[in-house]
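Novice: task: produce atomic coordinates for the following.
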Amino acid sequence: MTKQESTSGRGYLSSVVQFLGSFAGWLKAAGVVAVIATLFVTGDRAGWYGTSNLMSEPLSATSAAKGIVYFLPKTEVIFDVSYRITRCDAQKRAQSDTSPIDIVIGADVQIDNIAAKVQPDLASGYVIPVDSLDGVFWRTELSAQLANGILTGLNTTSAAQTADASKFQSILMKVVSAAPLTDKTSAGAGQDLAKQRISMCGDRLIRALEGPDPKSDVDAKIKKILRFDPSGGCPPEATALSKGQCLISGQTALSPLLANSDAAADALNRYSIEIRVNPNKSTSPPAPTTKGIAYRTPGSATIQLCMPKCDGGQTLANENVVVPQFGSLASLTVERRLFSDRTTQAKFGPWGELVDVKFTDSAASPVATGNR
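Specialist: Numbers count the residues shown, from 1 in each chain. Okay, here's the model as predicted:
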């Protein structure tokens with residue numbers, strides 16, 4: 001090999017080494033740039049460099065919740081109905097021995113109390129994910145107050161007034177009595193009045209009506225406690241007529257008091273009760289999407305109880321009740337900011353409504369921001 005060829009070979013090798021060194025430096029720089037770019041993209045999405053909202057998410061039916069779980073509130077309407085048979089007799093239509101015998105039925109119906117009870121809506125559950133509380137450049141201390149699974153307060157310092165879920169809000173306390181009705185139903189012809197009365201009314205009811213104090217005898221009275229969700233469904237004892245309308249059969253309600261209620265079905269059904277729910281606003285809330293902490297702005301409805309029906313019948317009760325499930329879904333924005341100490345204090349009422357909210361914002365301390 002000549003001297004010229006040796007020098008040329010060393011120059012080529014030096015060029016290759018220089019190129020490889022430059023390429024490695026470029027790769028290193030490109031990697032750093034890529035990391036920085038990734039941080040900016042990820043950080044921007046996570047709110048590291050500006051603001052970030054604390055958010056709640058709908059509960060998943062397929063995965064376990066990891067965080068603070070709460071439910072939106074709903075109303076269950078409860079009312080007491082008292083029935084009392086005041087008369088159960090047999091009588092002939094005419095003086096003839098072959099005259100048909102009628103059974104005469106009389107009864108009192110009264111609504112003793114209507115109440116609205118707040119319960120968690122298990123179909124509308126949310127979770128504040130625990131992994132969303134802290135970020136790279138911020139930290140969140142969260143305190144949530146719950147009552148029976150319903151969110152009543154969201155803050156770090158204040159104590160929200162908790163709704164006592166074990167008590168009812170009284171809507172109607174006075175007793176509303178229906179006027180007694182007397183009806184007749186055919187029970188056959190030419191039969192002995194006493195036997196026919198026993199066959200229809202039964203010994204216990206007859207003794208109750210003829211006792212020293214008929215009003216205090218339990219065999220002539222029956223009381224039912226009925227409950228239902230006004231946004232859908234009827235009490236178990238009722239039949240759905242249409243949306244927002246239910247019927248409690250008088251025969252079904254009074255049958256435990258009579259020996260043979262089928263023969264007196266027409267008379268007993270005069271004491272049927274219709275439940276009619278009239279929402280006072282739209283019952284079509286928006287889709288459950290939120291960019292904050294989800295809560296309900298409650299709606300309301302008028303609950304009407306009538307005998308035997310609301311169209312052309314007698315109104316026993318007509319009351320407004322708060323119905324959160326008839327309201328709309330809202331969200332409370334809880335922001336976290338870089339280099340800023342922000343506190344959010346919120347309090348929710350017994351029906352889930354937001355009744356008080358306070359925001360405070362101050363610059364973070366030098367120790368917190370790293371300026372020593």
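Novice: going by C-alpha atoms from here, please, whenever you check contacts or count neighbours.
Specialist: Noted.
Novice: Phe359: what secondary structure?
Specialist: Recorded secondary structure, Phe359: strand (DSSP: H, G, I helix; E, B strand; the rest coil).
Novice: what sits closest to it if chain neighbours are left out?
Specialist: Spatial nearest neighbour of Phe359, chain neighbours left out: Thr344 (4.7 Å); criterion: CA to CA, 6 or more residues apart in numbering.
Novice: that neighbour: what secondary structure?
Specialist: At Thr344 the chain is in strand, as set by three-state DSSP.
Novice: quick one: Asn320 and Ser300 touch, right?
Specialist: Yes. In this structure, Asn320 is within contact of Ser300 by CA atoms under 8 Å, at 6.9 Å.
Novice: who has more neighbours, the two?
Specialist: Legend: neighbour count by other CA atoms under 10 Å for Asn320 and Ser300, higher for Ser300 (21 against 17).
Novice: and the spatially closest residue to Tyr83 that is not a sequence neighbour, how many neighbours?
Specialist: Using CA to CA, 6+ apart and skipping the chain neighbours, the partner closest in space to Tyr83 is Val109 (4.8 Å). Using other CA under 10 Å, Val109 is surrounded by 25 other residues.
Novice: in a strand, that's where Val109 is, yeah?
Specialist: Yes. Under three-state DSSP, Val109 falls within a strand.
Novice: distance of it relative to Ser249?
Specialist: 13 Å (CA to CA, to the nearest Å).
Novice: with Lys221 instead?
Specialist: 16 Å.
Novice: hmm, Glu76 is touching Phe228, no?
Specialist: Yes. Using CA under 8 Å, Glu76 is in contact with Phe228, at 5.7 Å.
Novice: neighbour count for the two, which is higher?
Specialist: Glu76 (20 against 17).
Novice: check which helix or strand covers that one.
Specialist: strand 67-92 (DSSP states H and E).
Novice: helices or strands up against that strand?
Specialist: strand 100-129, strand 150-154, helix 193-201, helix 203-210, strand 221-228, strand 293-307, strand 314-332 (3 or more CA pairs under 8 Å, 6 or more residues apart in numbering; DSSP states H and E).
Novice: so what are the sheet partners of the last one and their directions?
Specialist: What it means is strand 314-332. Sheet pairing for strand 314-332, assigned by DSSP bridges, gives strand 293-307 (antiparallel).
Novice: kindly calculate the angle that the partner strand makes with strand 100-129.
Specialist: Put simply, strand 293-307 runs at 170 degrees to strand 100-129, going by axes from the mean of the first three to the mean of the last three CA atoms, to 10 degrees.
Novice: send the alpha carbons of strand 293-307 over as PDB?
Specialist: Taking Å, rounded to 0.1, in the frame of the first residue of the first chain, the C-alpha atoms of strand 293-307 are listed here in PDB:
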ATOM      1  CA  ILE A 293     -68.900  17.400  39.800                       C
ATOM      2  CA  ALA A 294     -72.300  16.200  38.700                       C
ATOM      3  CA  TYR A 295     -75.400  17.200  40.700                       C
ATOM      4  CA  ARG A 296     -79.100  17.600  40.100                       C
ATOM      5  CA  THR A 297     -81.200  20.800  40.000                       C
ATOM      6  CA  PRO A 298     -84.500  19.300  41.200                       C
ATOM      7  CA  GLY A 299     -87.800  19.600  39.500                       C
ATOM      8  CA  SER A 300     -91.300  19.200  41.100                       C
ATOM      9  CA  ALA A 301     -94.600  17.600  40.400                       C
ATOM     10  CA  THR A 302     -98.200  17.700  41.700                       C
ATOM     11  CA  ILE A 303     -99.500  14.500  43.200                       C
ATOM     12  CA  GLN A 304    -103.200  14.100  42.900                       C
ATOM     13  CA  LEU A 305    -105.200  11.400  44.700                       C
ATOM     14  CA  CYS A 306    -108.800  10.900  43.600                       C
ATOM     15  CA  MET A 307    -111.700   8.500  44.200                       C
END
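Novice: quick one: average pLDDT of it?
Specialist: Strand 293-307 shows a mean pLDDT of 93.
Novice: and stretch 261-275, by the same measure?
Specialist: Stretch 261-275 shows a mean pLDDT of 90.
Novice: span of it from start to end?
Specialist: With CA to CA, one end of stretch 261-275 sits 23 Å from the other.
Novice: got the buried residues for that stretch?
Specialist: Within stretch 261-275, the residues that count as buried by 16 or more other CA atoms under 10 Å are Ser261, Ala264, Ala265, Ala267, Leu268, Asn269, Arg270, Tyr271, Ser272, Ile273, Glu274, Ile275.
Novice: quick one, the strand holding Glu76 and strand 100-129 angle?
Specialist: 180 degrees.
Novice: may I see the buried residues of strand 67-92?
Specialist: Residues 69-79, 81-92 are the ones in strand 67-92 that count as buried (16+ other CA under 10 Å).
Novice: same check, this time on stretch 250-259
Specialist: Gly250, Gln251, Thr252, Ala253, Leu254, Ser255, Leu257, Leu258, Ala259.
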